[in-house]
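>>> Give me coordinates for this.
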Amino acid sequence: MSVAVLGAGAFGTALAIALARHDADVTLWARDTDVVRLMSRDRQNERRLPGVRFPARLAITSEIGTVASEIVLLTVPMQQLAGFLTFHSATLNGRILVSCAKGIDLATQRGATDIISAACPEAQIAVLTGPSFAADIARGLPTALTLACRDDRTGAALQEALSTPVLRLYLSSDVRGAELGGALKNVIAIAAGVVVGAGLGDSARAALMTRGFAEMNRLAIRLGAQSETLAGLSGFGDLVLTCTSDGSRNFRYGRALGAAEKFDPQTTVEGAATAKAVSILAKTLDLEMPIAAMVAALVDRKISISDAMSQLLSRPLRKE
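Modelled structure (predicted):
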């Protein structure tokens, strides 16, 4: 089996390591030639996953034209995906493209699979998502993910090709639900971090997560997802992980917002742009998404933490 991973961030690197460790021939592509040179020399991604050695069957390149694998995992950040695919569509069209991005494009309010379809109309498309941290995958710790694909035969082949003894993939045909679960939970994770950073306590976080999960379902179902998918690994499972662990960049970002602390601007926080995209979608669809709206306003510094909490707590009482 030959697999390519495009994008050498923490998650892409971790997937490449996990698959190469399981006797697969894996190529990890990075845009930056200096990064490729250092990874090739040191046999690790010192910046993203320090201390985790690359298996012998993991190759590294910055030349995307040399990547011949039929199965391609796209781990490019969501807000860069459209531009990346436009530039490389001729190279990638016709292959099996597996989206690993968790977000909604701010410019177009589209998910990753719609963007992939537009750029590579002859590609077979799948989504790999669920509760996972790159460090856990790279260390070989047990992880379960959702693999969603509309074509049953392609999905089954991918499940076989990408599963390992400790990386278990559960198959779904609900691509929309899997994609939206992974995207929307990042918004709620930021809000959960805000609650913790502002010192409002774990009870408030639990309430926020519960109402946030309702928001996730509200939008996802309107966009054609199945509620059962949101209740699984790619929705509820990922929500729990990212709202309760310091391993989540979105949670840490929200906690910094809530505590009025600085946050590393070089750290990718997909939920920030997604919150703004969701707010636009909600207005278009006439849906109430108060938590997403609050996060979007906080990210843009349009409201204070105290104002955001007041707005949420002053909403009308109603049946659950």
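>>> Tell me where the stretch 1-150 of the chain has strands.
With strands called from DSSP state E, counting those that start in this stretch, the stretch 1-150 of the chain shows them at 2-6, 25-29, 58-61, 71-74, 96-99, 124-129, 143-149.
>>> Tell me who's in contact with T75.
By CB atoms under 8 Å, 6 or more residues apart in numbering, the residues touching T75 are V5, L6, G7, G9, F11, G12, L15, C100, A101. The C-beta positions use only the backbone N, C-alpha and C, and glycine is treated the same way.
>>> separation between it and A198?
Relative to A198, T75 is positioned 32 Å away (CB to CB, to the nearest Å).
>>> Would you point to the one among the strands of the stretch 1-150 of the chain that's packed deepest?
strand 124-129 (a mean of 26; mean count of other CB atoms under 10 Å).
>>> contact partners of that one?
Contacts for strand 124-129 (CB under 8 Å, 6+ apart): 73, 95-100, 102, 112-113, 116-117, 145-151, 154-155, 158, 162, 169, 175, 178-179, 181-182, 233-234, 238.
>>> Let me see the mean pLDDT of it.
Averaged across strand 124-129, the pLDDT comes to 98.
>>> and that strand, C-alpha only, in CSV?
Only the C-alpha atoms of strand 124-129 are listed here, as CSV (Å, rounded to 0.1, in the frame of the first residue of the first chain):
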residue,chain,number,x,y,z
GLN,A,124,-13.1,10.0,-5.1
ILE,A,125,-13.6,11.8,-1.8
ALA,A,126,-13.7,10.7,1.8
VAL,A,127,-13.5,12.4,5.3
LEU,A,128,-11.3,11.2,8.1
THR,A,129,-12.2,12.8,11.4
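>>> From the chain's centroid, how far away is it?
In terms of CA atoms, centre = their mean, to the nearest Å, the centre of strand 124-129 is found 12 Å from the chain centre.
>>> now swap in stretch 262-280 and tell me
Centre to centre, stretch against its chain (CA atoms, centre = their mean), the figure for stretch 262-280 is 12 Å.
>>> what comes up buried for it?
Neighbour-count burial for stretch 262-280 flags T268, V269, E270, G271, A272, A273, T274, A275, K276, A277, V278, S279 (criterion: 16 or more other CB atoms under 10 Å).
>>> Fine by me, thanks again.
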